[in-house]
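Predicted structure and sequence below. I'll ask about it afterward.
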Amino acid sequence: METKIKTEEKRTRAPKARVEKAAASVLAEAQVYSMKGDKVSTIALPEKIFAAPWRSDLVHQVVTAMQANARQNRAHTKDRSEVSGGGRKPWRQKGTGQARHSSTRSPIWRHGGITFGPRKERDYSEKINKKMKFGALAAVLSKKAKDGEIVLVDGLSFAAPKTKEALAALVALSKSAKAKLLSENGSKSVLIVLHAYNTNVIKSFRNLHGVATEEARSLNPLALLSHKYVVIEKPEAAFAALLSRAETK
């Protein structure tokens, strides 16, 4: 009987231990690199951002809602009141032996109006609560940090927009962090998160295939899931911007 109780206690404790070990691995310090790929320092990842559990249902709900909000309703068909012509009755009501008709722009006539066609008045937008959006953002960032798909850089600066210098920076970071930041087939490989708007940095990276830039204040789960790797510039300022979004009511 005692051995049976001990085995049950081990079974109940094992999942909890695994969860604590996984959380500890997520909260570990991350390496910060320079533009040249040199190791500069380490930084502790905030718990609110990088220790969130994976919520596939929440992430799916937020991402599909964002896609619906970005949808542009362009399809529009004309009904019988919008089609030109047909103001005159084609023939008199009785005495011709034909079916009665009031207009040649009826939906059953050729060149007539469309019945139950798509209309541009339809609204596809969905509401996303702030807590839901930040919860999905934290879940995606936590999973990427656990999978080793986040690279931290102390800063990105260019005197002028130079694609060559931006490419050299990505190559150096790829070697140091052992991450394939550049894609050969042009797929979306890396998202560069800036702590603030920087014209030279944005223009330097925009000509590279599969590379996109985004500010930390407007970072969203859809942009993160559209790219495999995430490069965060000036992590302290970027983390502060993300945490400020979590505190907003």
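Yep, it's here.

Contacts only, for the residue positioned nearest the centre of the chain.
By Cα atoms, centre = their mean, the chain has its centre lying nearest to residue 222, at 0.9 Å. If you count contacts by Cβ atoms under 8 Å, 6 or more residues apart in numbering, residue 222 has them with 63, 66, 67. From N, CA and C alone the C-beta is placed, and that goes for glycine too.

could you redo the last one with a cut-off of 10 Å?
If you count contacts by Cβ atoms under 10 Å, 6 or more residues apart in numbering, residue 222 has them with 59, 62, 63, 64, 65, 66, 67, 69, 70, 136, 137, 140.

Next: residue 83.
77, 103, 104, 105, 106, 107, 109, 111, 112, 113, 114.

Can I have the buried ones of those residues as a ChimeraX selection?
Applying 16 or more other Cβ atoms under 10 Å to the contacts of residue 83 leaves a buried subset, and the ChimeraX line that selects it is:
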select :103,104,105,112,113
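
CSV please, covering the contacts of residue 83 and showing distance to residue 166, secondary structure and pLDDT.
Formatted as CSV, these follow (distance: Cβ to Cβ, whole Å; DSSP: H, G, I helix; E, B strand; the rest coil; pLDDT from 0 to 100):
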residue, distance to residue 166, secondary structure, pLDDT
77, 46, coil, 93
103, 63, coil, 92
104, 62, coil, 91
105, 58, coil, 93
106, 61, coil, 92
107, 57, coil, 93
109, 60, coil, 92
111, 55, coil, 91
112, 57, coil, 92
113, 54, coil, 93
114, 50, coil, 93
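
Distance to residue 175 added to the contacts of residue 83, as TSV?
Formatted as TSV, these follow (distance: Cβ to Cβ, whole Å):
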residue	distance to residue 175
77	56
103	73
104	72
105	68
106	70
107	65
109	69
111	65
112	66
113	64
114	59
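
secondary structure class for the residue nearest to the centre of the chain?
Look at residue 222: counting by DSSP: H, G, I helix; E, B strand; the rest coil, its state is helix.

can you count the residues close to residue 177?
Residue 177 is flanked by 21 other residues according to other Cβ atoms under 10 Å.

Would you confirm that residue 60 contacts residue 136?
Yes - assessed by Cβ atoms under 10 Å, residue 60 is found in contact with residue 136 at 8.7 Å.

among the contacts of residue 222, which are in helices?
When DSSP state H is applied, the contacts of residue 222 are split such that 59, 62, 63, 64, 65, 66, 67, 69, 136, 137, 140 fall in helices.

And the first one, how far from residue 125?
This means residue 59. 19 Å (Cβ to Cβ, to the nearest Å).

Next up, identify which helix or strand the residue of the chain positioned farthest from its centre is on.
Here the chain reaches farthest from its C-alpha mean at residue 95, the gap being 66.0 Å by Cα atoms, centre = their mean. Residue 95 belongs to no helix or strand when elements are defined using DSSP states H and E.

how close does it get to residue 109?
Residue 95 is 21 Å from residue 109, by Cβ to Cβ.

Just the terminal-to-terminal distance for stretch 195-208.
20 Å (Cα to Cα, to the nearest Å).

chain center to that stretch: distance?
Put simply, stretch 195-208 sits 19 Å off its chain's centre (Cα atoms, centre = their mean, to the nearest Å).

Residue ranges in the chain under the pLDDT threshold?
1-27, 183-187, 248-249 (pLDDT under 70).
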